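Q: My questions are about this predicted structure, shown below with the sequence.
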Amino acid sequence: MSGLYLHIPFCKQACHYCDFHFSTSMALKSRFVEALTREIQLRAAYLGPTPTLQTIYLGGGTPSLLTATELDTIFAAIYQQFAVAPDAEITLEANPDDLTPTKLRELAASPVNRLSIGLQSFHEPHLRLMNRAHSAQESGQAVRAAQDAGFENISVDLIYGVPAPTHALWEQDMAAAFALGVPHLSCYALTIEPGTVFGHRLKKGTMQAPPDEFVAQQFELLLTEMARHGYQQYEISNFCQPGRESRHNSAYWRGVPYLGLGPSAHSFDGHTRQYTVANNARYVTAVLEHDEVPATVENLSAQDRANEYLMTSLRTARGCDLAHLRDALGLDLPAQQGAYLRQLQADGWATLHHDVLVLTDQGKLLADHITLALFQ
Ligand SMILES: C[S@@+](CC[C@H](N)C(=O)[O-])C[C@H]1O[C@@H](n2cnc3c(N)ncnc32)[C@H](O)[C@@H]1O
Ligand SMILES: C[S@@+](CC[C@H](N)C(=O)[O-])C[C@H]1O[C@@H](n2cnc3c(N)ncnc32)[C@H](O)[C@@H]1O
Ligand code: SF4
């Protein structure tokens, strides 16, 4: 079981909320593709001697900005270095404004078999507030065009908790998303990150974060509507029709090793985590001129791994297996935090059956707070 992530660090314009790594200048794009294919050769052995890729994920940034030739070059390098399972899940993140009929034909002819389309909203003023490059009309059109081009395996991203007088706009966004009939939806609460335009506005006082209560109510609406439309919540922000989980992301949450390529990508080999430098020029120069991938390596102690497992597993519907935590990762939670575990259950925030701790809907609202309290 292995996964490959490729980070494509370019975007047409900067969305006002986003602090992922990307550049709006395309000056280095072709050199980047060259460096990425070189990195595929340099680091193929990271996943062991004969890995078979079960999942490939092109994320960003905006992978739909790659030309057909660039995409071909990248896949040729992947198939040269790795065995790819015949039923591998191969996802590409796409922005609606890139999904022209020509682009969709190119993608349909490529190995990509799953599209993750970043819609964020169907409401024009919210799209403008977020500085998205697409219109409200394009949100729905892009998904229908992808379906017409033969893509059935589609995920859409939405953002909730955008400041508004009532919950009506969020309800309309959800209804518009359900009407598309896609098997997978990711819905993220707006986070105001330092260093973004929203972050600066918050600091200057020209923008306010929506009250926690407002966001919590939208999360509750989300859970109700998802259940009503037959979608299962398999992670705090991820919902799918039965059996349609993203295999790539599920592998991250299960602690399966993966290789991340490109600037800002992270990798995990079972013991260490590696972070590639989040700088396009430094990445391209180091890889192409010195055959080196500039990265920091973090040795994960048993304690780090136990904490990571706690944090990720409690966000999932499967929950946290306390026997695994004790036997494989050396943390005996009932022995060390017995009182807090009982308190969580008494407050209705978690259930504990057969050694598996699962957060309730109420508990999920406080997931970050609860995991912090359980950290060693
Ligand atoms: C990093 S983007 C990459 C994909 C693609 N460029 C796009 O815009 O859809 C992946 C997703 O992260 C989510 N995201 C990024 N920053 C966020 C923030 N500050 N708050 C909430 N969601 C965010 C958005 O829903 C976005 O679709
Ligand atoms: C988890 S993905 C969104 C999942 C999507 N909604 C889906 O179900 O397919 C969100 C973002 O995480 C980032 N990401 C994922 N794996 C990464 C890795 N190994 N290294 C760096 N960034 C990564 C990418 O920027 C990606 O846009
Ligand atoms: S949300 Fe997507 S398109 Fe917008 S800046 Fe972030 S990565 Fe780029």
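A: Okay, I see it. Ligands and ions are numbered 1, 2, ... in the order given.

Q: Okay, the residue in the stretch 151-300 of the chain that ligand 3 sits nearest to and residue 235: tell me how far apart.
A: Proximity of the stretch 151-300 of the chain to ligand 3 (Cβ to the nearest ligand atom) peaks at residue 157, 8.5 Å away. For every residue, glycine as well, the C-beta is placed using N, CA and C. From residue 157 over to residue 235 the distance is 14 Å, taken as Cβ to Cβ, to the nearest Å.

Q: what does residue 229 give?
A: 17 Å.

Q: which of the two has more neighbours?
A: Neighbour count, other Cβ atoms under 10 Å: between residue 229 and residue 235, residue 235 has more, with 21 against 15.

Q: Surely the more buried one touches residue 253?
A: Yes: using Cβ atoms under 8 Å, residue 235 is in contact with residue 253, at 6.6 Å.

Q: Which neighbours do residue 157 and residue 235 have in common?
A: Residues touching both residue 157 and residue 235 (Cβ atoms under 8 Å, 6 or more residues apart in numbering): none.

Q: Show me what the longest helix seen in the chain packs onto, helices and strands only.
A: Ranked by number of residues, the top helix in the chain under DSSP state H is helix 212-228. Applying 3 or more Cβ pairs under 8 Å, 6 or more residues apart in numbering; DSSP states H and E, one finds that helix 212-228 makes contact with strand 154-160, helix 168-178, strand 184-189, strand 232-235, helix 361-365.

Q: Where does the prediction get shaky in the stretch 101-250 of the chain?
A: The model of the stretch 101-250 of the chain has no residue with pLDDT under 70.

Q: Centroid-nearest residue for the chain?
A: Closest to where the C-alpha atoms of the chain average out (Cα atoms, centre = their mean) is residue 249, at 7.0 Å.

Q: How about that one: what's its closest non-neighbour residue?
A: Nearest in space to residue 249, with sequence neighbours left out and distances taken as Cβ to Cβ, 6 or more residues apart in numbering, is residue 238 at 6.8 Å.

Q: show me the contacts for that neighbour.
A: Counting by Cβ under 8 Å, 6+ apart, residue 238 touches 184, 185, 186, 245, 246, 249.

Q: switch to 10 Å and redo it
A: Residue 238 sits next to 155, 184-188, 231-232, 245-246, 249-250, 253, 315-317 when contact means Cβ atoms under 10 Å, 6 or more residues apart in numbering.

Q: got the residues of this structure near ligand 2?
A: Proximity of the chain to ligand 2 (Cβ under 6 Å from any ligand atom) is limited to residues 5, 7, 20, 59-60, 91, 93, 116, 155, 157, 184, 186, 246, 249, 260, 264-266.

Q: Can you point out the buried residues in stretch 258-275?
A: 258-269, 273-274 (16 or more other Cβ atoms under 10 Å).

Q: Strands - which of those land there?
A: 258, 259, 260, 261, 266, 267, 268, 273, 274 (DSSP state E).

Q: in the sheet, who's paired with the fifth one?
A: Here residue 266 sits in beta bridges with residue 275, as judged by DSSP bridges.

Q: and if you look at the third one?
A: Residues in a beta bridge with residue 260, per DSSP bridges, are residue 5.

Q: is it true that it touches residue 36?
A: No: the pair residue 260 / residue 36 is not scored as a contact, 11.5 Å apart, by Cβ atoms under 10 Å.

Q: can you tell me which residues contact residue 373?
A: 337, 340, 343, 344, 366.

Q: let's go with 8 Å and repeat that
A: residue 340.

Q: Next: residue 164.
A: By Cβ under 8 Å, 6+ apart, the neighbours of residue 164 are 126, 170, 210.

Q: Output those of those residues also counted as contacts of ligand 1.
A: Okay, of those, nothing touches ligand 1 (Cβ under 6 Å from any ligand atom).

Q: Can you tell me which of those has the most neighbours?
A: residue 170 (25 neighbours).

Q: Now the residue nearest to residue 249: phi and psi?
A: For residue 238, the backbone dihedrals (degrees, to the nearest 10) come out as phi -120, psi 130.

Q: and the biggest strand by length in the chain, C-alpha only, in CSV?
A: Ranked by number of residues, the top strand in the chain under DSSP E is strand 83-94. Output in CSV follows, covering the C-alpha atoms of strand 83-94 (Å, rounded to 0.1, in the frame of the first residue of the first chain):
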residue,chain,number,x,y,z
ALA,A,83,4.3,0.1,-10.7
VAL,A,84,0.8,1.6,-10.6
ALA,A,85,-2.1,-0.7,-9.5
PRO,A,86,-4.6,-1.3,-12.3
ASP,A,87,-7.4,0.0,-10.2
ALA,A,88,-5.3,2.9,-8.7
GLU,A,89,-7.2,6.0,-7.6
ILE,A,90,-5.7,8.9,-9.6
THR,A,91,-7.0,12.3,-8.5
LEU,A,92,-6.4,15.7,-9.9
GLU,A,93,-7.5,19.0,-8.2
ALA,A,94,-9.2,21.3,-10.7
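
Q: Show me what that strand packs onto, helices and strands only.
A: Using 3+ Cβ pairs under 8 Å, 6+ apart: strand 83-94 touches strand 52-60, strand 114-120, helix 247-254.

Q: Need the winner for burial among the ones you listed.
A: Compared across the helices and strands packed on strand 83-94, strand 114-120 shows the largest average neighbour count, a mean of 24 (mean count of other Cβ atoms under 10 Å).

Q: distance between that one and the chain's centre?
A: Chain-centre distance of strand 114-120: 11 Å, with Cα atoms, centre = their mean, to the nearest Å.
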